[in-house]
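# quick one: sequence plus predicted model below, questions after.
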Amino acid sequence: MLSEYKAQQSCERGFAFLKDPLFFADSIFLKSPERIESLGMIMGLCLMVYTLAQRQIRAALRESKSTIKNQLGKATYRPTLRWIFQCFQCIHLVEFNNEKHVSNWTQDRDFILNLLPDDCLRYYQLIR
């Protein structure tokens, strides 16, 4: 029973992500029970995708025996996907003289991108 109780921690952390102010869930007002159920389903699916992507990155880091820097600049092999998202926030597609350029691209971001599935890699290569 104790091991089951302790296993709830990872699930609870996921729901904390959904309650985060950056997710804007508190700014949504829904009247009908059907819409509330639909939003709950969408939020659950978002949490599942979030967890799978985080697991993918951590597994790739473990497999390659490498680390990335966390928010404090220390090496970690267990980054959160929220941190990964924050690493990619400052990337912009700039069009100048009909040429597209990506600003703020670094080797660290390139390394992280290569940890993700090929679909993500193709997405960023379209703008790179």
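Structure's in. What do you need?
# which one in this protein is furthest away from the centre?
Taking CA atoms, centre = their mean, the residue of the chain most remote from its mean C-alpha position is residue 97, at 32.8 Å.
# check what pLDDT residue 49 gets.
We have a pLDDT of 88 for residue 49.
# and the pLDDT for the residue farthest from the centre of the chain?
On the pLDDT scale, residue 97 gets 91.
# contact partners for it?
If a contact means CB atoms under 8 Å, 6 or more residues apart in numbering, then residue 97 has no contacts. All C-beta spots, glycine's among them, are computed from the backbone N, C-alpha and C.
# phi, psi of it?
phi 50, psi 50 (degrees, to the nearest 10).
# tell me the secondary structure at residue 90.
coil (DSSP: H, G, I helix; E, B strand; the rest coil).
# how near is the residue farthest from the centre of the chain to residue 46?
39 Å (CB to CB, to the nearest Å).
# what's the biggest helix by length in the chain packed up against?
Once the chain is assigned using DSSP state H, the helix that runs over the most residues is helix 33-64. Packed against helix 33-64 by the contact rule (3 or more CB pairs under 8 Å, 6 or more residues apart in numbering; DSSP states H and E) you find helix 2-19, helix 81-87, helix 107-115.
# give the contact list for the spatially most central residue of the chain.
Central residue of the chain (CA atoms, centre = their mean): residue 81, 3.5 Å from the mean position. If a contact means CB under 8 Å, 6+ apart, then residue 81 has 50, 53-54, 57 as its contacts.
# if you set the cut-off to 10 Å instead, what comes out?
For residue 81, the contacting residues are 17, 49-58, by CB atoms under 10 Å, 6 or more residues apart in numbering.
# need the contact list for residue 53.
Residue 53 touches 81, 84-85, 116-117, 120, counting by CB under 10 Å, 6+ apart.
# need the nearest residue in space to residue 90, chain neighbours excluded.
Spatially, and ignoring its direct neighbours in sequence, residue 90 is nearest to residue 104 (4.8 Å; CB to CB, 6 or more residues apart in numbering).
# OK, contacts around that neighbour?
88-92, 94.
# A strand includes residue 102, no?
Yes: assessed by three-state DSSP, residue 102 belongs to a strand.
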